[in-house]
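# following is a predicted model, sequence given first.
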Amino acid sequence: MSEDVKLVPAMCTQCGGKLTVDPLKEEAQCPFCGASFMVQKAIRNYNVQNATIEHVDKVNIDMSGTVHSVLDFVGQQMSESREMKREMRKELKEAREESNREFQSNFVKIAIPFFIIFFTFAGVMMFFLNRNDDGAGYSESASGEGEVEYDVERGRLYLDIANPGNYNWEFDDFNSRGTNLDSTKERDGLHFEISGDDACTRGYAVLHWSLEDDFVQEGYMIYELEIDDGDIVDVMSTSNVDDISEYTFYGG
């Protein structure tokens with residue numbers, strides 16, 4: 001072989017063995033398997049195999065760089081996402097606090113007038129209830145002993161003496177005018193139920209009380225009533241006297 005001939009690497013097309021060939025020849029024989037092969041085809045095989053391997057290495061290197069880039073990008077996105085979440089939570093917290101402040105402010109603005117109206121209404125209702133059908137009041141006997149609770153309800157006058165003690169209490173039918181005793185009950189004290197007369201617009205209910213001690217003590221509780229079509233609607237006044245003649249009845 002001439003010294004001027006430059007051999008190039010090749011690969012046997014039959015066994016794949018690596019060898020060197022004269023590129024100027026058309027055909028050569030493989031020293032490994034003895035097969036004949038086309039020189040240019042063997043050179044191409046060698047170049048293709050080596051070019052593919054180099055390309056794969058480059059791809060691996062590029063992929064490695066790409067992976068790092070992707071990981072860096074993902075890490076950055078996750079960091080930004082966490083920051084965005086923190087900002088969103090902060091904004092939501094501030095929004096809730098602002099909403100709570102507005103609610104409290106609006107509640108106070110609404111509640112104060114509401115309570116003013118409610119207590120005003122309740123006061124007016126209590127005033128009328130104490131004057132009319134559901135009213136209740138107290139009056140003492142002339143001696144200062146004992147206490148009578150009076151209450152107008154459903155067109156009736158109720159006189160309740162929770163603790164009559166040694167006192168004798170009775171409805172004075174003779175001096176009562178325009179009213180009638182419906183019943184007297186004793187349960188934890190005396191309870192008088194009195195109705196009105198259809199023919200009267202003003203009536204009187206009189207309770208007589210007495211206490212027998214060394215000498216007899218007595219007195220009268222007098223209730224002046226407003227009557228409407230037989231219904232007692234109001235207690236106009238209460239009086240207590242030792243002597244019934246001391247009291248002046250309307251029209252008397």
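Sure, I can see it.

# which elements pack onto the longest strand along the chain?
For the chain, the longest strand by residue count, based on DSSP state E, is strand 216-228. Packing partners of strand 216-228 (3 or more C-beta pairs under 8 Å, 6 or more residues apart in numbering; DSSP states H and E): strand 156-161, strand 202-212, strand 231-241. Glycine gets a C-beta too; all of them are placed from N, C-alpha and C.

# what pairs with that strand, and is each one parallel or antiparallel?
When sheet partners are counted by DSSP bridges, strand 216-228 sits next to strand 202-212 (antiparallel), strand 231-241 (antiparallel).

# just the C-alpha atoms of the first one, please, in PDB.
I take that to be strand 202-212. The C-alpha trace of strand 202-212 is given here as PDB (Å, rounded to 0.1, in the frame of the first residue of the first chain):
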ATOM      1  CA  ARG A 202    -119.800  54.500  86.100                       C
ATOM      2  CA  GLY A 203    -119.800  52.100  89.000                       C
ATOM      3  CA  TYR A 204    -118.300  51.400  92.400                       C
ATOM      4  CA  ALA A 205    -116.900  48.200  93.900                       C
ATOM      5  CA  VAL A 206    -116.600  48.400  97.700                       C
ATOM      6  CA  LEU A 207    -114.600  46.000  99.900                       C
ATOM      7  CA  HIS A 208    -115.300  46.000 103.600                       C
ATOM      8  CA  TRP A 209    -112.500  44.900 105.900                       C
ATOM      9  CA  SER A 210    -112.500  44.400 109.700                       C
ATOM     10  CA  LEU A 211    -110.300  43.200 112.500                       C
ATOM     11  CA  GLU A 212    -111.600  42.100 115.800                       C
END
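
# pull the distance from it to the chain's centre.
Mean-position distance between strand 202-212 and its chain equals 56 Å (C-alpha atoms, centre = their mean, to the nearest Å).

# cool, and stretch 170-187?
Taking C-alpha atoms, centre = their mean, one finds the center of stretch 170-187 at 54 Å from the center of the full chain.

# give me the contact list for it.
156-157, 190-197, 199-200, 202-209, 220, 222, 225, 227, 232, 244, 249 (C-beta atoms under 8 Å, 6 or more residues apart in numbering).

# averaged pLDDT, the helix or strand harbouring Tyr46. What do you get?
Assigned by DSSP states H and E, Tyr46 belongs to helix 39-131. In this model, helix 39-131 carries a mean pLDDT of 75.

# how many residues are close by Asp22?
15 (other C-beta atoms under 10 Å).

# run through the residues that contact it.
Asp22 is in contact with Met1, Val5, Leu7, Ala28, Val39, counting by C-beta under 8 Å, 6+ apart.

# got phi/psi on the residue lying closest to Lys41 once chain neighbours are set aside?
Setting aside the residues directly before and after it, Lys41 is nearest to Thr13 in space (C-beta to C-beta, 6 or more residues apart in numbering), at 5.6 Å. For Thr13, the backbone dihedrals (degrees, to the nearest 10) come out as phi -80, psi -10.

# OK, contacts around Thr13?
So Thr13 contacts Ala35, Phe37, Met38, Lys41, Ala42, Asn45 (C-beta under 8 Å, 6+ apart).

# kind regards, and thank you for your time.
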